[in-house]
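1. Give the three-dimensional model of this entry:
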Amino acid sequence: IEKNTVPIINYYLNIPYNTYSTGNTIDKKDIRDTLYFIEVIESIKEKVLRIDIAGYNMLGLYTEDHEYLFSAERNRELQLYQFERALKQFQAQGRTFKQIDFRFDKPIVKF
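-> Numbering: from 1, shown residues only. Predicted coordinates for the structure are as follows:
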């Protein structure tokens, strides 16, 4: 794997690597949701550089310019909808942001 081709992942639990082999499945909802949100972010032509999974309630995906915070406890499709709406609104207004947090009922934006 070339350097900078995959994001650096910080995970809150130690995964015993010696109990898994190539091709095994690690069935963790927070990891599956993080992979889903990586695809969502990369679909808007941003590259995820770093991932912090600090628990089910904190999935942090960091690009060069933005920080996106999601939750594995909330509905993925609802968070996707909020993500798309927020981006459309900022593009229409011509505004930039530093961070959007989708872990709560309404997204929280930091400029």
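2. Quick check: phi and psi on Tyr62?
-> phi -120, psi 130 (degrees, to the nearest 10).
3. which residues does it bridge with?
-> Residues in a beta bridge with Tyr62, per DSSP bridges, are Arg50, Glu67.
4. Now for it, how many residues are close by?
-> Using other Cβ atoms under 10 Å, Tyr62 has 19 other residues around it. Bear in mind the C-beta positions are built from the backbone N, C-alpha and C, glycine included.
5. ditto for Tyr68
-> Applying other Cβ under 10 Å, I find that Tyr68 has 23 neighbouring residues.
6. Numbering from 50 from now on, please.
-> Okay, residue one is now 50; in that scheme the one you just asked about reads as Tyr117.
7. ok, for it, nearest residue in space, not its chain neighbours?
-> Once flanking residues are discounted, Tyr117 sits nearest to Leu110: 4.7 Å by Cβ to Cβ, 6 or more residues apart in numbering.
8. thought the one you found was touching Leu84?
-> No: the criterion here is Cβ atoms under 8 Å, and Leu110 misses it with Leu84 at 10.4 Å.
9. Which one of the two is surrounded by more residues?
-> When Leu110 and Leu84 are compared for neighbours, Leu110 comes out ahead with 23 against 11, by other Cβ under 10 Å.
10. in stretch 131-149, what counts as buried?
-> Using 16 or more other Cβ atoms under 10 Å as the test for burial, stretch 131-149 gives Gln131, Phe132, Ala135, Ile149.
11. Which residues does it contact?
-> Contacts of stretch 131-149 with the rest of the structure, by Cβ atoms under 8 Å, 6 or more residues apart in numbering, involve 89, 93, 114-118, 151, 156-160.
12. Sheet-wise, list the partners of the lowest-mean-pLDDT helix or strand in the chain with their directions.
-> Of all the helices and strands that make up the chain, the one with the lowest confidence by mean pLDDT, DSSP states H and E is strand 57-60; it has a mean of 90. If you go by DSSP bridges, strand 57-60 pairs up with strand 99-102 (parallel).
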